[in-house]
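S.K.: model the structure of this input:
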Amino acid sequence: MYPPRRRAGPGRSDNMRRPRLRGLPVNSLIPNILTVLAVCAGLTAVRFALAEQWELAVMAIAVAAILDALDGRVARLLKGTSKFGAELDSLSDFVSFGVAPALVLYRWTMSELGGMGWIIVLAYAVCCGLRLARFNTALEDPNEPEFAANFFTGVPAPAAAGLALLPMMISFQVGDDFFRLALVNAVNLAFVAFLMVSQIPTFSFKKMRVKKESVLPVLIVVGLVGAVVASYPWFVLTAICAIYLAIIPVSWRSWQRQEVAFAGKSEPDEDQKASDEQTPSDTK
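M.R.: The predicted model follows:
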């Protein structure tokens, strides 16, 4: 005999019901799917490197960079941003732009330096992780000036991956005589690792807005660039990395000008606050 079921009293049945699990909305899944695909692209680059398919390895990391650029914008467009998505994006960046380029370069040429080559590769990956951790903590800093939203501190991880692989992309066009030398890549990788963890301000294009009258010309330019990339991928990617490297001093100078302007704007407010805090005896 089973014990009789206990009847729920008035109002008891609704309160004691097990809450139903609510599914995630599709708009929050799409950005995370793009992020997971970026991780897959980064790991696939390592697979191509193990098979010595160097061009496919670099192209896989380029695909990961495209997906990384899309996931955040899609999340904001669909209003699907979440803490989970932000953490997943950081993990994806570390794998795709920290670990994957380091292993690709080690397999390509850095292994010739033995233990020193591995140390430089590890340093690059660690600097990428530190840069991402610093970026995540800076998002919660309420004391940053408003203009700081237009800049990154240090080179972001996707751009760093492109700069790290720059000798590879050049070698695809001109040959391996110089740009595949282990020493050349070691110096370049150490320099890029320094740029990631440095305090050098670099432009952030996340806040860039296109005017309505400029949408059509921008789309035409994007289409033309896409056609050129399809025809001359390594030339275009090399040019993009070189241009980005060249504008780093420009971004630094722009930061300094805006910082001086911000400091000059805030000084009158501080003087006014100091005068308001004066006691009556001080004003006699």
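
S.K.: going forward, measure contacts and count neighbours with C-alpha atoms only.
M.R.: Will do.

S.K.: so which elements touch whichever strand or helix holds residue 218?
M.R.: Per DSSP states H and E, residue 218 falls inside helix 215-231. Under the contact criterion of 3 or more C-alpha pairs under 8 Å, 6 or more residues apart in numbering; DSSP states H and E, helix 215-231 touches helix 233-276.

S.K.: now the helix it packs on: mean pLDDT?
M.R.: Average pLDDT, helix 233-276: 78.

S.K.: which strands and helices sit next to it?
M.R.: By 3+ C-alpha pairs under 8 Å, 6+ apart, helix 233-276 packs against helix 157-164, helix 166-174, strand 201-203, helix 215-231.

S.K.: ok, 10 Å please
M.R.: If you count contacts as 3 or more C-alpha pairs under 10 Å, 6 or more residues apart in numbering; DSSP states H and E, helix 233-276 packs onto helix 54-77, strand 151-153, helix 157-164, helix 166-174, strand 201-203, helix 215-231.

S.K.: hang on, the earlier thing: any buried residues in the helix holding residue 218, and which?
M.R.: By neighbour count with 16 or more other C-alpha atoms under 10 Å, helix 215-231 contains no buried residues.

S.K.: okay, that helix in CSV with CA atoms only?
M.R.: The C-alpha atoms that make up helix 215-231 are tabulated as CSV, following Å, rounded to 0.1, in the frame of the first residue of the first chain:
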residue,chain,number,x,y,z
VAL,A,215,26.4,53.6,-46.5
LEU,A,216,26.3,52.9,-50.2
PRO,A,217,29.9,54.0,-51.0
VAL,A,218,31.1,52.0,-48.0
LEU,A,219,29.3,48.9,-49.2
ILE,A,220,30.8,49.3,-52.7
VAL,A,221,34.3,49.7,-51.2
VAL,A,222,33.8,46.6,-49.0
GLY,A,223,32.7,44.7,-52.1
LEU,A,224,35.8,45.8,-54.0
VAL,A,225,38.0,44.9,-51.1
GLY,A,226,36.4,41.5,-50.9
ALA,A,227,37.0,40.9,-54.6
VAL,A,228,40.7,41.9,-54.3
VAL,A,229,41.1,39.6,-51.2
ALA,A,230,39.7,36.7,-53.2
SER,A,231,42.2,37.4,-56.0
